[in-house]
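Asks: Here is the input, now give the coordinates:
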Amino acid sequence: MPLMRIRINDKQRLILSICLLLCLGFVTTSLVNYYVAKAGIRETLVINELPLTSDNLYSEIQKNLVHPIIVSSMMANDTFVREWTLSGEAEESQMLEYLRNVKKRNKALTTFFVSERTRIYYQANGILKTVTKQEPRDAWYFRIRNMKVPYEINVDPDLANNDTLTIFVNYRVLDAGGRFIGAIGMGLTADTANQLINDYQKRYNRSIYFVDRQGTILLPGKGTPSAGTRIHTIDGLDKLADKILRTGSGSFQYSSEGREHLLEIRLIPDLNWYLFVEGFDDEADASIRKTLWINLGACVFITILILLASSLIINRYHIRLEDAVTVDRLTGLTNRYAANVLAPMAISEAQRNGTPLLALLIGVNALGEVNHSLGPLAGDRLLQELARILKGVVRGSDILCHLGDGVYLLVAKNCPMTQRDFMVKKIHHAIKVAYIHFRGERIKPTVSIGSAGHEEGETAAQMIVRADKNLIQAKKEAKDLALAAPEEQV
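Replies: Numbers count the residues shown, from 1 in each chain. Prediction:
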């Protein structure tokens, strides 16, 4: 039915509009909150968290790595070391005992002294070797020998400890006149620093590593570029490498492999290394992304609930609206508007199935007299009771409508004209035995009936017009309705 289809489409468009508005509102709100939160977290990461991590790690480094510098400085300025060296290194056991005591007190991996005069390498466990310029592994000593600064820190394999990777503090030993007389210092395993780095990486969820003045990674953290890698070769970081080494400290940002890296750099003067602390933009907002998806999921759930509620409400009001348009409020039957739609549908069905169709117009006699004598409420009661009686007579497949003014339309499907008299008598009999009581008065209803069978090529309106003519004729032949006159015949 076109009108019904139009209404259904309007309803679907209304629900779709509500859905779109809800989704647009929820998504817009969620995305705005997401980006505001993301900007806030990013700002917190850059301004607070990365510098704070750097500060905390620097403090830990001072406790764990700077201590060997202090001890090595004390060793280089120890009167015993100077006097023993200048006196000709007569008793080697004295130096070895000295190195063992320093190692034990400071829980170092190794302590050492190399004499400039003899080039003997003393260490806590005994004499290791004699250093020479020809040995590549001894290059550190000759580098110390020619340095202008008092000490250096380097990472090398320790020959005395099965080539364990060791952080060495190499201090120049000078006599009273400032002449170089040897190199002394101590070392601790690089695993100690690595463990410190890895602990901080887990605690702060950051990438941490140390870089020397030339841009070479000395101590890498887990998941960071390996030791010996130059920052000039790291994708994205290569463009900032010279600026970082020149600036020494600060906050930087670069992109690599689709990830945004937030970098905090700090120079550790005592070690002469750079501390690199990296965070990732995508990790920074991982929690709020999760919150975003939860919010969007909640929005979908709420939208579905609202749509279901809206659909139920709209359907309910749609049904009420259809009833208001198609149902006669007085009798509860379909009205003239619905009859104009249903009757043509019944004709189309009859033509399609090849079945006969009969239209009956049932008019109430003397309705005006009832309204005049007993009032309009009595007339309404009469129409309501007649509707109830007619509904009890007709078949479920038939169409029964109240056209108004006390006229009912009955469209009987699959009913030939040969059954017309039977249906008319059936209706008359049902009404004849009925009495309607209203405020102590008894009303005896009577009706007149006009009928018309559907003819080939005839429209619903034409068929009803013929039935109406027959109804007019029947009313002329009928007797006027008498109030409470049981002797009158219908």
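Asks: Point out where the stretch 301-450 of the chain drops to low pLDDT.
Replies: Where the stretch 301-450 of the chain drops to pLDDT under 70, the residues are 318-324.
Asks: so what are the domain limits for the protein?
Replies: Using automatic domain parsing, the domain parsing of the chain gives 2-64+286-325, 66-191, 205-284, 329-477.
Asks: Which one of the ones you listed lies nearest to Asp199?
Replies: Closest to Asp199 of the domains of the chain is domain 2-64+286-325 (C-beta to C-beta; 8.8 Å). Bear in mind the C-beta positions are built from the backbone N, C-alpha and C, glycine included.
Asks: just to revisit the earlier point, with mean neighbour count as added columns, please give the domains of the chain in CSV.
Replies: Formatted as CSV, the domains of the chain follow (neighbours: other C-beta atoms under 10 Å):
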stretch, mean neighbour count
domain 2-64+286-325, 14
domain 66-191, 17
domain 205-284, 17
domain 329-477, 17
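Asks: Can you convert these into JSON lines and add a column each for distance to Asn198?
Replies: Output for the domains of the chain, formatted as JSON lines (distance: least, C-beta to C-beta, whole Å):
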{"stretch": "domain 2-64+286-325", "distance to Asn198": "12"}
{"stretch": "domain 66-191", "distance to Asn198": "10"}
{"stretch": "domain 205-284", "distance to Asn198": "5"}
{"stretch": "domain 329-477", "distance to Asn198": "80"}
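Asks: Figure out which of those domains is closest to Ile197.
Replies: Nearest to Ile197 among the domains of the chain is domain 205-284; the distance by C-beta to C-beta comes to 4.3 Å.
Asks: Check which helix or strand the residue most central in space within the chain maps to.
Replies: Central residue of the chain (C-alpha atoms, centre = their mean): Trp293, 1.6 Å from the mean position. Applying DSSP states H and E as the criterion places Trp293 in helix 286-326.
Asks: Now the element after that helix, going C-ward?
Replies: helix 336-353.
Asks: just checking, what packs against that next one?
Replies: Applying 3 or more C-beta pairs under 8 Å, 6 or more residues apart in numbering; DSSP states H and E, we find helix 336-353 packed against helix 286-326, strand 357-364, strand 399-404, strand 407-413, helix 460-477.
Asks: Let's have these in JSON lines, adding distance to Leu333.
Replies: JSON lines is the format used below for the helices and strands packed on helix 336-353 (distance: least, C-beta to C-beta, whole Å):
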{"stretch": "helix 286-326", "distance to Leu333": "10"}
{"stretch": "strand 357-364", "distance to Leu333": "11"}
{"stretch": "strand 399-404", "distance to Leu333": "4"}
{"stretch": "strand 407-413", "distance to Leu333": "7"}
{"stretch": "helix 460-477", "distance to Leu333": "16"}
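Asks: For Gly440, find the nearest of those.
Replies: The nearest among those, by C-beta to C-beta, is strand 357-364 at 21.5 Å.
Asks: Report the distance from the following helix or strand past the closest one to the chain centre.
Replies: Downstream of strand 357-364, the next assigned helix or strand under DSSP H and E is helix 367-374. Distance of helix 367-374 from its chain centroid, counting by C-alpha atoms, centre = their mean, to the nearest Å, is 70 Å.
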